[in-house]
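1. let's see this in three dimensions:
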Amino acid sequence: MSRNRLLIIEDDRDVGDVLSEIAADMGFEPCFVDNFAAAKDRLATWAPAAIISDLQMPSVDGLAIVRYLAKIGCQARLAFVSGLDSRTVEAATAVARERGLNVAGFVTKPFDIARIRDLLDRLFPTTQVDVATIERALADEHIQVHFQPKCSNGSGQVIGAEALLRWNHARMGAINPEAIVAFAENNGLADTLLDYVAVRTMKAIDQWGKKGIHVPVAINMTPLNLENLCLPDRMDVFCEIYACDPRQITLELTEKSSIECGADVLDVLTRLRIKGFKLSIDDFGIGYSSVRRQRSLDRVA
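-> This next block holds a predicted model:
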């Protein structure tokens, strides 16, 4: 599998040509097909690293394509570009994730170049960084943690903050935070990245507290983090080192990934609550995964 190969499945030739031009301009290797049979052939012989698919094709709908990709165990990153309404595309995206596909997102038609470029950045996170680069960036603290205020709609008062990643690489420029997270998940660095953010968040909370500022902060975590039974103990140790009250930390589970709430996951969630941490779902969306996950969190909230 070439990490730059992009398969575009789109029955509208004009749209397919535009997507191909944008992808090529960004340094990727696009292949445009306008029917499902050609797409299956390319999947078998060309091995794309990423796929952009329409949801409305003349002879097959997008969910049939999703089922086929899941059946063959496709590991390529997937995105949708569709003229359907956003809620329908969100539902299709949720189905794809439930079937185990690696979905980066979607764009609705008509689209602009900026949105497609952003989608391609999410489709090809590994073209921007490698393991050595990201480990060095963490060690040198080139990846920064910024805090976005959360304000009350009524009073405008700051009632909290969210920890966000920012990485402005000297050569590659600003790197999409989602690409950093996706790369960390795919290369065994999910826990390292969460610890990095947690430590800097707790340092900031300690510094704010000395100035009389007391606000809770939300930290994003991924389902992979919940598979590590050591997570509650690590968070507890960090709180002790940096004199941080666990009740000031909300660990937000991102809605964009699928999770099976087995015994180990519920163990981790419950112990986090016992230790005083708050739990939440970020970007709460639609579909079975959201409901199932919310019920699991409700058990320990």
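
2. quick one, strands of the stretch 101-250 of the chain?
-> Secondary structure of the stretch 101-250 of the chain (DSSP state E, counting those that start in this stretch): strands at 102-108, 143-151, 158-169, 173-175, 217-221, 249-254.

3. residue 16 is nearest to which of the ones you listed?
-> strand 102-108 (14.1 Å; C-beta to C-beta). C-beta: built from backbone N, CA, C; applies to glycine.

4. pairing partners for the closest one, with directions?
-> Under the criterion DSSP bridges, strand 102-108 sits next to strand 77-82 (parallel) in its sheet.

5. so which bits of the partner strand are buried?
-> Buried residues in strand 77-82, counted by 16 or more other C-beta atoms under 10 Å: 77, 78, 79, 80, 81, 82.

6. which of the strands of the stretch 101-250 of the chain has the lowest mean pLDDT?
-> Mean pLDDT per stretch puts strand 173-175 lowest among these, at a mean of 70.

7. for residue 36, what are its contacts?
-> 9, 57, 59, 60, 64, 65, 68 (C-beta atoms under 8 Å, 6 or more residues apart in numbering).

8. with residue 147 instead?
-> Contact analysis of residue 147 by C-beta under 8 Å, 6+ apart lists 161, 162, 163, 164, 201, 204, 217.

9. just the buried residues of those.
-> 161, 162, 163, 201, 204, 217.

10. just checking, the second one touches residue 217?
-> In this case it means residue 162. Yes. Counting by C-beta atoms under 8 Å, residue 162 touches residue 217, with 7.0 Å between them.

11. follow-up on the earlier one: least confident of the contacts of residue 36?
-> Scoring these by pLDDT puts residue 59 last, at 81.

12. for that one, give me its contacts.
-> Counting by C-beta under 8 Å, 6+ apart, residue 59 touches 35, 36.

13. swap in residue 275?
-> Listed by C-beta under 8 Å, 6+ apart, the contact set of residue 275 reads 232, 235, 236, 246.

14. before we move on, back to that, greatest separation within the buried ones among the contacts of residue 147: which pair is it?
-> Going by C-beta to C-beta, the pair spanning these furthest: 162 and 204, at 12.0 Å.

15. list residues touching both of the two?
-> Common neighbours of residue 162 and residue 204 (C-beta under 8 Å, 6+ apart) are 147, 217.

16. rewinding a little: and of the buried residues of strand 77-82, the nearest to residue 43?
-> Nearest to residue 43 among these, with distances taken as C-beta to C-beta, is residue 78, at 11.5 Å.

17. just checking, the closest one touches residue 101?
-> Yes. Between residue 78 and residue 101 there is a contact at 5.2 Å, judged by C-beta under 8 Å.

18. overlap in contacts of those two?
-> Residues touching both residue 78 and residue 101 (C-beta under 8 Å, 6+ apart): residue 69.

19. could you pull up the residues touching residue 102?
-> Residue 102 touches 75, 76, 77, 78, counting by C-beta under 8 Å, 6+ apart.

20. which one of these is nearest residue 49?
-> Of all the contacts of residue 102, residue 76 has the smallest distance to residue 49: 5.8 Å, by C-beta to C-beta.

21. how near is the closest one to residue 50?
-> 5 Å (C-beta to C-beta, to the nearest Å).

22. okay, those two: which has more neighbours?
-> More neighbours surround residue 50 than the other of residue 76 and residue 50, with 27 against 18 (other C-beta atoms under 10 Å).

23. any idea of the pLDDT on the more buried one?
-> 92.

24. hang on, it packs against residue 79?
-> Yes. The criterion here is C-beta under 8 Å, and residue 50 meets it with residue 79 at 7.3 Å.

25. which neighbours do these two have in common?
-> Jointly contacting residue 50 and residue 79 under the rule C-beta under 8 Å, 6+ apart are 104, 123.

26. related to what we said a few turns ago, may I ask which two of the contacts of residue 275 are separated the most?
-> 232 and 246, at 9.7 Å, using C-beta to C-beta across those.

27. shared neighbours of the two, anything?
-> Contact criterion C-beta under 8 Å, 6+ apart; residues shared by residue 232 and residue 246: 275, 277.
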